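Asks: below: sequence and its predicted model.
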Amino acid sequence: MRIATAAYPLDVLESWAQFEDKTASWVAEAAGQGADLLVFPEYGAMEVATLDGLDVAGDLEKSLFSVSDRLPEIDALYVRLAAEHRVHIVAASAPAATQTRPVNRARLITPDGQIGIQDKQIMTRFESEVWDVIGGGPLQVFETALGRIGILICYDSEFPLLGHALQSCDIIAVPSVTEALAGYWRVRTGAMARALENQCVTAMSSIVGDANWSSALGSCVGAGGIFCPPDVGFPSTGVLAAAELCVAGWTYADVDLGAIANVRSDGVVLNRAHWDLQVGRDAPALNVALNRFSS
């Protein structure tokens with residue numbers, strides 16, 4: 001399959017038609033390059049809040065519900081485009097209202113119109129302490145025509161046990177948005193680590209450029225990247241493709257599911273199969289002794 005990951009700029013929209021045209025253009029471009037799976041970034045749907053005016057888009061609380069209210073329309077657009085181009089799409093994540101507080105929700109949309117939901121599990125400090133976005137439903141494994149796909153939204157990719165819960169996945173999408181270079185590298189490092197230990201492929205997307213009309217997003221640093229285990233059948237760097245920082249556009253890589261199966265069964269190392277060796281009762285890593293040296 002071919003994977004496309006977006007480095008996606010947010011716009012101030014003047015109409016819903018402008019958003020439709022923009023999204024359709026992005027999907028058509030990736031599909032035209034032969035992409036089968038398209039990964040849009042975390043909070044990429046926040047630009048839709050500008051349709052209610054910059055006073056709403058710039059208000060932390062109002063922007064959450066402005067986008068959430070339009071989520072059915074947004075998903076209907078992605079469903080139409082997925083069917084038209086016969087692609088799978090990880091839709092740009094968006095706040096989704098619940099009975100308590102909004103969650104950060106990505107959706108995997110198939111060419112035949114199925115919609116799988118994945119909520120972010122662990123909130124960043126800004127999300128929990130300032131924006132009051134909460135963790136949502138459990139991690140999901142999506143069985144698709146492209147293989148098994150999971151989603152770890154941004155910060156979630158930095159936690160090994162969340163990644164391990166998706167060990168059956170061939171592909172893990174990592175939609176992200178980061179305002180600092182350090183944030184980009186944290187998520188990229190997490191995505192590469194998950195590819196290493198799960199012996200799978202991870203696909204990171206990012207928001208890029210200024211969104212200073214949003215109190216939540218501001219100026220965003222990022223790039224698309226597709227990562228793999230540095231082992232048999234894959235690049236020794238663990239990088240299938242990595243774009244230049246802060247340049248809008250798609251990043252592509254071709255992925256062979258057979259190569260994933262082969263490295264899991266007969267790699268130089270077997271990180272995925274050996275996971276339990278570190279968590280068993282007699283694992284050396286758990287038998288930690290404190291050694292005090294006298295001065």
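Replies: Yep, that arrived. Numbering: from 1, shown residues only.
Asks: for the stretch 101-250 of the chain, which segments count as strands?
Replies: 103-109, 115-119, 142-144, 147-151, 171-175, 201-207, 209-211, 218-220, 225-227, 239-242, 249-254 (DSSP state E, counting those that start in this stretch).
Asks: run the chain-centre distance for the fifth one.
Replies: Put simply, strand 171-175 sits 5 Å off its chain's centre (Cα atoms, centre = their mean, to the nearest Å).
Asks: list the strands paired with it, with their directions.
Replies: In the sheet, strand 171-175 lines up against strand 147-151 (parallel), strand 201-207 (parallel) (DSSP bridges).
Asks: and whichever strand in the chain runs longest, how far out from the chain's middle?
Replies: In the chain, assigned by DSSP state E, the strand with the most residues is strand 88-96. On the basis of Cα atoms, centre = their mean, strand 88-96 sits 9 Å off its chain's mean C-alpha point.
Asks: partner strands of it, parallel or antiparallel?
Replies: strand 37-39 (parallel), strand 103-109 (antiparallel).
Asks: moving C-terminal of the first one, what's the next helix or strand?
Replies: What that stands for is strand 37-39. With elements assigned by DSSP states H and E, the helix or strand that comes after strand 37-39 is helix 54-57.
Asks: now do the same for Val279: its pLDDT.
Replies: We have a pLDDT of 67 for Val279.
Asks: name the nearest residue to Pro175, sequence neighbours excluded.
Replies: The spatial neighbour of Pro175 that comes closest, neighbours along the chain excluded (Cβ to Cβ, 6 or more residues apart in numbering), is Glu42 at 4.3 Å. (Each C-beta comes from the backbone N, C-alpha and C, glycine too.)
Asks: correction: the previous question concerned Glu47.
Replies: Leu10 (4.3 Å).
Asks: pLDDT score for the one you found?
Replies: Here, the pLDDT recorded for Leu10 equals 98.
Asks: for Phe293, same thing?
Replies: Turning to Phe293, the model gives it a pLDDT of 71.
Asks: and for Asp276?
Replies: Predicted confidence (pLDDT) at Asp276: the value is 87.
Asks: quick one: Trp26 and Trp250, what's the gap?
Replies: In this view, Trp26 and Trp250 are 8 Å apart by Cβ to Cβ, to the nearest Å.
Asks: mutual contacts of the two, please.
Replies: Counting by Cβ atoms under 8 Å, 6 or more residues apart in numbering, the contacts common to Trp26 and Trp250 are Ala6.
Asks: hang on, the earlier thing: any chance of the strands of the stretch 101-250 of the chain in CSV with distance to Met46, mean pLDDT and mean neighbour count as columns?
Replies: As requested, the strands of the stretch 101-250 of the chain are exported to CSV (distance: least, Cβ to Cβ, whole Å; pLDDT from 0 to 100; neighbours: other Cβ atoms under 10 Å):
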stretch, distance to Met46, mean pLDDT, mean neighbour count
strand 103-109, 11, 98, 25
strand 115-119, 16, 97, 19
strand 142-144, 24, 96, 17
strand 147-151, 18, 97, 23
strand 171-175, 12, 98, 30
strand 201-207, 9, 98, 31
strand 209-211, 7, 95, 18
strand 218-220, 11, 94, 17
strand 225-227, 22, 98, 28
strand 239-242, 25, 98, 19
strand 249-254, 20, 98, 20
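Asks: show me the one of the ones you listed that comes nearest Gln18.
Replies: With Cβ to Cβ as the criterion, Gln18 lies closest to strand 209-211 of the strands of the stretch 101-250 of the chain, at 15.7 Å.
Asks: if we can go back for a sec, for Ala6, which of the strands of the stretch 101-250 of the chain is the nearest?
Replies: The closest of the strands of the stretch 101-250 of the chain to Ala6 is strand 201-207. By Cβ to Cβ, the value is 4.6 Å.
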